[in-house]
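In: fold the following for me, if possible:
(chains A, B and C)
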Amino acid sequence: MAVALLTDFGWRDGYVGALKGVLLSRAPALTLVDVSHEIPAGDVSAAAYVLSQAAPWFPAGTVHLVVVDPGVGSERRALALASKGQFYVGPDNGVFTLVLAADPHCQAHQISAPRFAPAEASPVFHGRDVFAPAAAHVACGGALHELGPALPPGELVRRDWPPAQREGERWSSAVIHVDGFGNLVTSLALPVEFSRSGEKLAAARVWVGAREIRFARTYGDVAPGELVALRGSSGLLEIACNGGSAAARLGVERGAVVHFAPFDAR
Amino acid sequence: MAVALLTDFGWRDGYVGALKGVLLSRAPALTLVDVSHEIPAGDVSAAAYVLSQAAPWFPAGTVHLVVVDPGVGSERRALALASKGQFYVGPDNGVFTLVLAADPHCQAHQISAPRFAPAEASPVFHGRDVFAPAAAHVACGGALHELGPALPPGELVRRDWPPAQREGERWSSAVIHVDGFGNLVTSLALPVEFSRSGEKLAAARVWVGAREIRFARTYGDVAPGELVALRGSSGLLEIACNGGSAAARLGVERGAVVHFAPFDAR
Amino acid sequence: MAVALLTDFGWRDGYVGALKGVLLSRAPALTLVDVSHEIPAGDVSAAAYVLSQAAPWFPAGTVHLVVVDPGVGSERRALALASKGQFYVGPDNGVFTLVLAADPHCQAHQISAPRFAPAEASPVFHGRDVFAPAAAHVACGGALHELGPALPPGELVRRDWPPAQREGERWSSAVIHVDGFGNLVTSLALPVEFSRSGEKLAAARVWVGAREIRFARTYGDVAPGELVALRGSSGLLEIACNGGSAAARLGVERGAVVHFAPFDAR
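Out: Now for the predicted structure:
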C-alpha cells in the first residue's frame, strides 16, 4: 500500500528520513511516495492546494501523510480522515480544507489513543512520533476508530478560501497559488470547453488589474515571453507566461485579483 | 518494473504527485524512481544531458518518463522509444537527442491512439494525461505499437549539440552542462587513460579563453579553491574547482569554449 | 531490503539517477529511500549530523549509502560499517563520526576488493562505481568481509564535534547544525523533562551572546516572530523562531556559542 508524503521539511535535513524510517520500521513493504517536501515553511494554504492537485490521482487505499504543522505541540488536534476510498493523516489546522470541501461528510477521527499519541512524543515533531505511526497503521489496514474518537467533519479547522464571485458581467477571483513556474492559479473553475478551440474560448477575456491578458488553449499559443490566460490542468483559470514567470512579469502574489468575462461584456 | 521520472516540475507543487498517482493507479506494483524534478523550466538540452548521464545505468526494462515540455498542447508529437532494452516516453522536442545519437536505429512510436491521447487530455499537462498513462502501459509490458504508429527515428526532433572539433593541434569544445557543483562539462570525450596517472595525463593542457587550467585525475589533486580540468565521470572533459564552483570562479555559462591539447603543442 | 540515500549531489543533475540505476541493476527488488540529496556540497559535518537524525528510525537491515565525498579519488579509504543491526557505506572522511560515537565497537571493513574497487572506477564518482555496488552487495545479504579487510573502528576518520562543556553554573555549547527552518541545533543534550511543563522547564535559562532567549516546550508557546529555546526532536537544545528563522533573526551560523543554565544561577 502507498503512503504519499507532503511536508514543508525541505530536502536538506534528516526530518524526511526520520518519517520514512518510522514508516518502514512499522510496515517494511510500504510504497513510499514523495509528493512534496518543499511546501513553504508553515504554509498551510499551500499544502491544502498542493494536496488537492495530487491526491485525486492516487489509487484507492493510498494514505496521504501531510505534515505542515506550525502549531505542533499546541492544542491543535491530530486527525485521520477517510474520503472517497483514500486516507489522510495530519494536523487539524486547515491542510485538509479542500478534502473537506469536496466531501463534507467524510469520516474523521482524532488521533488521541495513547498508543498513537504517547506522552513521550516530542512536542516539536509529531510528524515522526504521532502522524507517521498513525499513517502506517492505516496503510496496513488498521481501523480509524483505533486511533481515537470520531469527530464531526463540520467541526474541523478550515482555511478561508476566497471563492470566485460574480460581479455583473464579470467574475472576480483571487490568485490562490503561485506555482514553481510562476503560473498564477485562481479560484475560478472553468468548464472544459475553455480548453478547446471554439467560440467560448475565443470570447473569453481576462484582466489583472487594468491589464488585459489574452485567453488561449496553451502556453505556445502566444509568442515566447508573452502572458497568456488559460484553463489550467485542474480546471482553474490561470495566468501564465510562455517560457517565463507570470508572477515575475506582473509582480503579483497570492491574493491578487483576476477578472474574467465569458462574453465580450466589459 | 521501474519507471524513472525526469521533469522540470520542481518539488514545490502537486505536479510530481499527480504523475505518480496516475502511474500507481494504473500499475500499483511499479517502482517509481525520482531522477530529477529540478531541470530548469523548459530546458530541453539540460533534460537531454541529464537523461544521458542517468539512463545507461538502469536495468533493462526501465521506462524513462521525461516531461520537460514547453510546447505542451501544441503540434509537437508525443513519443515512445525502445532502445538498448530500455524505454523512453516524452515529447518529440529534443529531450531524446542523445538517446537517438547513441542508437540511431531505435524503435520509435508516436503516442496518438485515442486511448492514450484522449480528447479530454488537458492541453497544459500531457505529462499527467498522456505520457504517464503511456509509461504505465509500457512498464506493464504493453507493446509500443498499441500507442500509435511507428515513426522513422531519423525524423524525430534533435537539438543541435555542439561537437568537439579539431583545430590544428588543439581540440575546441563547448560547455554543454553546468552541474549543481558548478562543474563545467564539455562535449569533448576523452579516452580512459586521462583518468589515470601517466604520460598522457601529464601532457594534457586545457584553456578557458587565454587562461590555462591544470589537468589532473581528481579534484583533490589541486589545492582547495584551485581550478582543475579532468576527465569527468561520463568520460567528458570537465572544468571543476576543488571545494568550489568553477562556473562562479570563471564566470562562464553553457556555451563557453574550452580548448584541449593532448600534447604540449600550443 | 531498503537502501537509504544521503548525498550532496543535488536534484538537478543525473548523479542521483546514476546511483539508483546501479543499485536497481544489481538488485531490482530494493526499496530505494531518498533521505537527502541537498547536503551542502562537501559538507561532511552536515552529512554526519543529518545521518544521525534519520538513521536510528530505520528498520534493521537498512543500508545507509552516504556519498558526501570531497576527497573522491584521493587516498581516503572507502568503508562499510555494521552497527546496531544497520549498515553504512561511504567514504572514510568523517561522515560516520556520530555512528562511531554511538557505537565505538562497530564492525568496519575497507572496500578494497577488486570486484568493488575496480581499476576502471572513475576517480571522480566513487558513489556510482564503488559505493553503490558495495551497498547493493550488503543489501542483498553479502558479507562485509567480501568487500575488503576489517579495520579497527578506532582508526577511522572522525570530525571534531564540539562537546557541550560545564562552565560554573552554566553549560556552554555550540551550534552544530542550522536546519532548513533556520533552527539552531546545539550539541547540548537535554533530559526529556525539558520537553514537559514543570519546574525544570520553568527554571531553564538560555543565552546567545548577551541575549536571553525564553525556554519553552514548543514553538507556539511564544508569540509569532518571537525567539524560543527548546528541547529539539532529537533531545538537543535548539533555538527557534515561531513562524520564522532563528538563524536570520540572530544572524548566527554553525559554531555560534549558546549558554544554558538549568537553574536561575547566572
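In: chain C contacts on the stretch 1-150 of chain A?
Out: Proximity of the stretch 1-150 of chain A to chain C, by C-beta under 8 Å from any C-beta of the partner chain, involves residues A:9-18, A:20-22, A:24-25, A:28, A:32, A:34, A:41-42, A:70-74, A:120, A:122-125, A:128. Heads up, the C-betas are built off the backbone N, CA and C, glycines and all.
In: hmm, which of those are the buried ones?
Out: Among the residues of the stretch 1-150 of chain A next to chain C, those scoring as buried are A:9-18, A:20-22, A:24-25, A:32, A:34, A:41-42, A:70-73, A:122-125, A:128 (criterion: 16 or more other C-beta atoms under 10 Å in any protein chain shown).
In: which parts of the stretch 51-200 of chain A are helices?
Out: Using DSSP state H, counting those that start in this stretch, the helices of the stretch 51-200 of chain A run over residues A:97-102, A:126, A:132-139, A:199-203.
In: got a markdown table for these, with mean pLDDT too?
Out: Output for the helices of the stretch 51-200 of chain A, formatted as a markdown table (pLDDT from 0 to 100):
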| stretch | mean pLDDT |
| --- | --- |
| helix A:97-102 | 96 |
| helix A:126 | 97 |
| helix A:132-139 | 98 |
| helix A:199-203 | 92 |
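In: make a markdown table out of those helices and add mean neighbour count.
Out: A markdown table is the format used below for the helices of the stretch 51-200 of chain A (neighbours: other C-beta atoms under 10 Å in any protein chain shown):
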| stretch | mean neighbour count |
| --- | --- |
| helix A:97-102 | 20 |
| helix A:126 | 25 |
| helix A:132-139 | 26 |
| helix A:199-203 | 13 |
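In: would you mind giving those helices as TSV with distance to chain B added?
Out: Output for these, formatted as TSV (distance: least, C-beta to the nearest C-beta, whole Å):
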stretch	distance to chain B
helix A:97-102	11
helix A:126	22
helix A:132-139	13
helix A:199-203	11
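In: residue numbers of the stretch 1-150 of chain A in contact with chain B?
Out: Residues of the stretch 1-150 of chain A lying near chain B by C-beta under 8 Å from any C-beta: A:2, A:4, A:6, A:11, A:31, A:33-40, A:49-59, A:62.
In: buried subset of those residues, written for ChimeraX?
Out: Filtering these down to the buried ones (16+ other C-beta under 10 Å) takes a single ChimeraX command:
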select /A:2,4,6,11,31,33,34,35,36,37,38,39,49,50,51,52,53,54,55,56,57,58,59,62
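In: what's near enough to touch the residue in the stretch 101-250 of chain A that chain C sits nearest to?
Out: Residue of the stretch 101-250 of chain A nearest chain C, by C-beta to the nearest C-beta: A:Phe125 (3.5 Å). Residues near A:Phe125 by C-beta atoms under 8 Å, 6 or more residues apart in numbering or on different chains: A:Tyr15, A:Ala18, A:Val72, C:Ser233.
In: what's the last one in contact with, if anything?
Out: So the one you mean is C:Ser233. A:Tyr15, A:Ala18, A:Ser122, A:Val124, A:Phe125, A:Arg128.
In: mind putting those residues into JSON lines with pLDDT?
Out: Below are the contacts of C:Ser233 laid out as JSON lines (pLDDT from 0 to 100):
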{"residue": "A:Tyr15", "pLDDT": "98"}
{"residue": "A:Ala18", "pLDDT": "98"}
{"residue": "A:Ser122", "pLDDT": "96"}
{"residue": "A:Val124", "pLDDT": "96"}
{"residue": "A:Phe125", "pLDDT": "97"}
{"residue": "A:Arg128", "pLDDT": "98"}
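In: export stretch A:186-196 as CSV, just CAs?
Out: Taking Å, rounded to 0.1, in the frame of the first residue of the first chain, the C-alpha atoms of stretch A:186-196 are listed here in CSV:
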residue,chain,number,x,y,z
THR,A,186,-7.0,31.4,-9.4
SER,A,187,-10.1,30.1,-7.6
LEU,A,188,-12.3,30.3,-10.7
ALA,A,189,-13.3,26.9,-12.1
LEU,A,190,-13.8,26.9,-15.9
PRO,A,191,-15.8,24.4,-17.8
VAL,A,192,-13.8,22.1,-20.1
GLU,A,193,-14.9,23.9,-23.2
PHE,A,194,-12.4,26.6,-22.4
SER,A,195,-9.6,24.0,-23.1
ARG,A,196,-10.8,23.6,-26.6
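In: show me what counts as buried in it.
Out: Judged by neighbour count (16+ other C-beta under 10 Å), stretch A:186-196 contains these buried residues: A:Thr186, A:Ser187, A:Leu188, A:Leu190, A:Phe194, A:Ser195.
In: hang on, the last one packs against A:Arg231?
Out: By that I understand A:Ser195. Yes - with contact defined as C-beta atoms under 8 Å, A:Ser195 reaches A:Arg231; the gap is 4.7 Å.
In: which residues do the two both contact?
Out: Taking C-beta under 8 Å, 6+ apart as the criterion, A:Ser195 and A:Arg231 both touch B:Ser122.
In: nearest spatial neighbour of A:Ile176, chain-adjacent residues omitted?
Out: Sequence neighbours aside, A:Ser187 is the residue nearest to A:Ile176 in space, at 5.0 Å (criterion: C-beta to C-beta, 6 or more residues apart in numbering or on different chains).
In: what residues does the one you found make contact with?
Out: Contacts of A:Ser187 (C-beta under 8 Å, 6+ apart): A:Trp161, A:Pro162, A:Pro163, A:Ala164, A:Ser173, A:Ala174, A:Ile176, A:Leu236.
In: in strands only, show me the residues you listed.
Out: Taking DSSP state E, the ones among the contacts of A:Ser187 that sit in strands are A:Ser173, A:Ala174, A:Ile176, A:Leu236.
In: tell me the pLDDT at A:Arg266?
Out: On pLDDT, A:Arg266 comes in at 39.
In: that older thread, to C:Tyr88, which of the helices of the stretch 51-200 of chain A lies closest?
Out: C:Tyr88 sits nearest to helix A:132-139 of all the helices of the stretch 51-200 of chain A, at 22.6 Å, using C-beta to C-beta.
In: quick check: closest non-adjacent residue to A:Val89.
Out: Nearest non-adjacent residue to A:Val89, counting by C-beta to C-beta, 6+ apart: A:Ala135, 4.5 Å away.
In: tell me which residues touch the one you found, please.
Out: Applying C-beta under 8 Å, 6+ apart, we find A:Ala135 in contact with A:Val3, A:Leu23, A:Val63, A:Leu65, A:Phe87, A:Val89.
In: hmm, 6 Å instead?
Out: Contact partners of A:Ala135, counting by C-beta atoms under 6 Å, 6 or more residues apart in numbering or on different chains, are A:Val3, A:Val63, A:Leu65, A:Val89.
In: and which of those is nearest chain B?
Out: Checking the contacts of A:Ala135 against chain B with C-beta to the nearest C-beta, the nearest one is A:Val3 at 11.4 Å.
In: thought A:Ala139 was touching that closest one, still the case?
Out: Yes - between A:Val3 and A:Ala139 there is a contact under C-beta atoms under 6 Å: 5.3 Å.
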